[in-house]
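Novice: Here is my input, please return the structure:
(chains A, B, C and D)
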2 protein chains.
Amino acid sequence: MADHPDFRLNDFIPYLLSQAAEAIGQQFAAIYRDRYGMLNTEWRVLAHLGEAGGLTAKQIGAQARVHKTKVSRAVVALERKRFVARTTSDTDRRSATLELTKTGRKVYEDLAVIAREYDRQLAHSLGQKGREDLVTQLRQLSSRRT
Amino acid sequence: MADHPDFRLNDFIPYLLSQAAEAIGQQFAAIYRDRYGMLNTEWRVLAHLGEAGGLTAKQIGAQARVHKTKVSRAVVALERKRFVARTTSDTDRRSATLELTKTGRKVYEDLAVIAREYDRQLAHSLGQKGREDLVTQLRQLSSRRT
DNA sequence: GGGTATTTGTTGCATTTGTAACTAACAACC
DNA sequence: GGTTGTTAGTTACAAATGCAACAAATACCC
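Specialist: Here you go, the predicted structure:
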């Protein structure tokens, strides 16, 4: 006999998460894509640098949990757009410190405003408590050891 | 002056969602990948067919919100693995009804058991109430009109 | 019926991603 | 100093995805 009483995809947390993430992510992605031709990883790198300038590619990868090849390619793209500049370290010439250019900072600030507004709308849909509950659970899931 | 008081990526819902979805999704993905060489969309199609056999590609795409080309390719892959069989409709020969083969059903049942167990562990991490809160908010987000 | 529009699903091509191999720089040890 | 191992980041190649164009079947309208 089948030993899977009432498995439902629509109650399965990984499925619900992925559906919600995709639905919500696409809307904001359309903005940085249309305005600045940026890809998802580029936006993330830009945002990390906007919050804490002067990071190396490795640090960004660790904070954002993004593979180094993705970071590398995103940085190349952001450099080509003149949003990011790299300064090779004097003490360790393998790595470089990345920082936003003046243009990059403007882009970051523009997107940060939009992001805040978008998040505000989401919070409104969910209600203040709903938003807090959601954030709590998502943090829990992200930090869960495997 | 910058007009983005305290924007923090780590409080930004799309970012948190995507981080959580990726972290949680990868773990389960490793299972169907290693056991059956399946890709994400293949698992989704299989699961939909397992729950409601006899769907067309179009129906699956609509239910799972997956683009028709992704569904098409997933079905081809599942056919090649002999997990799914298609029967061209008599009344409309453009589309075919898809169903799990006996093998496909076994695979589905195997994965459904594992999925339930995985979900049970997640629910345990989150607590009963945490899980319910999360599901509520995720459903809300997924169904949000754009 | 004959013409046009719509729908289902597939395919070709460009873009994006993942994996592994690689280079260059540094560290550790003798 | 020279050998070996490790680390930061890049690149080459394969696999996966998105998009647009497509074929085939059906629906609509006269």
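Novice: Which positions in chain A make contact with DNA strand D?
Specialist: Remark: the part of chain A in contact with DNA strand D comprises A:56-58, A:61, A:68-69, A:71-73, A:75-76, A:92, A:94-96, using C-beta under 7 Å from any atom of the strand. The C-beta positions use only the backbone N, C-alpha and C, and glycine is treated the same way.
Novice: Now do the SS call for the residue in chain A positioned nearest to DNA strand C.
Specialist: When distances are taken as C-beta to the nearest atom of the strand, chain A reaches nearest to DNA strand C at A:R93, 3.6 Å away. Recorded secondary structure, A:R93: coil (DSSP: H, G, I helix; E, B strand; the rest coil).
Novice: so what's it scoring on pLDDT?
Specialist: At A:R93, the predicted lDDT confidence score is 92.
Novice: Between the residues of chain A next to DNA strand D, identify the one with the most neighbours.
Specialist: Within those, neighbour counts (other C-beta atoms under 10 Å in any protein chain shown) peak at A:V71, which reaches 24 neighbours.
Novice: Please name the residues that touch the residue most central in space within chain A.
Specialist: The central residue of chain A, meaning the one whose C-alpha is nearest the mean C-alpha position (C-alpha atoms, centre = their mean), is A:R44 at 3.9 Å. Contacts were defined as C-beta atoms under 8 Å, 6 or more residues apart in numbering or on different chains; by that measure A:R44 touches A:64, A:66, A:74, B:9, B:15.
Novice: same check, this time on A:L55
Specialist: Counting by C-beta under 8 Å, 6+ apart, A:L55 touches A:48-49, A:63, A:97-98.
Novice: ok, 7 Å please
Specialist: The contact partners of A:L55, by C-beta atoms under 7 Å, 6 or more residues apart in numbering or on different chains, come to A:48-49, A:98.
Novice: With A:A74 instead?
Specialist: A:A74 sits in contact with A:39, A:41-42, A:45, where contact means C-beta under 7 Å, 6+ apart.
Novice: Helix or strand: which one has A:F28?
Specialist: A:F28 belongs to helix A:13-36 when assigned by DSSP states H and E.
Novice: With A:E99 instead?
Specialist: A:E99 is located in strand A:96-100, with elements delineated by DSSP H and E.
Novice: Rounded mean pLDDT for the next helix or strand after that strand, please.
Specialist: Using DSSP H and E, the helix or strand that follows strand A:96-100 in sequence is helix A:102-126. Across helix A:102-126, pLDDT averages out at 94.
Novice: Report the inter-axis angle for the least confident helix or strand in chain A by mean pLDDT versus helix B:128-143.
Specialist: Within chain A, confidence by mean pLDDT, DSSP states H and E is lowest for helix A:128-143 among all helices and strands, at a mean of 92. Note on geometry: by axes from the mean of the first three to the mean of the last three C-alpha atoms, to 10 degrees, helix A:128-143 and helix B:128-143 are set 100 degrees apart in direction.
Novice: for helix A:128-143, packing partners?
Specialist: Where contact means 3 or more C-beta pairs under 7 Å, 6 or more residues apart in numbering or on different chains; DSSP states H and E, helix A:128-143 is packed against helix B:13-36, helix B:102-126, helix B:128-143.
Novice: check contacts around A:I13.
Specialist: With contacts taken as C-beta under 7 Å, 6+ apart, A:I13 has the following neighbours: B:24, B:119, B:122.
Novice: restrict those residues to contacts with chain A.
Specialist: Near chain A, taking C-beta under 7 Å from any C-beta of the partner chain as the test, the members of the contacts of A:I13 found are B:24, B:119, B:122.
Novice: so can I have JSON lines of those showing neighbour count?
Specialist: Conversion of those to JSON lines gives the following (neighbours: other C-beta atoms under 10 Å in any protein chain shown):
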{"residue": "B:I24", "neighbour count": "22"}
{"residue": "B:D119", "neighbour count": "19"}
{"residue": "B:L122", "neighbour count": "23"}
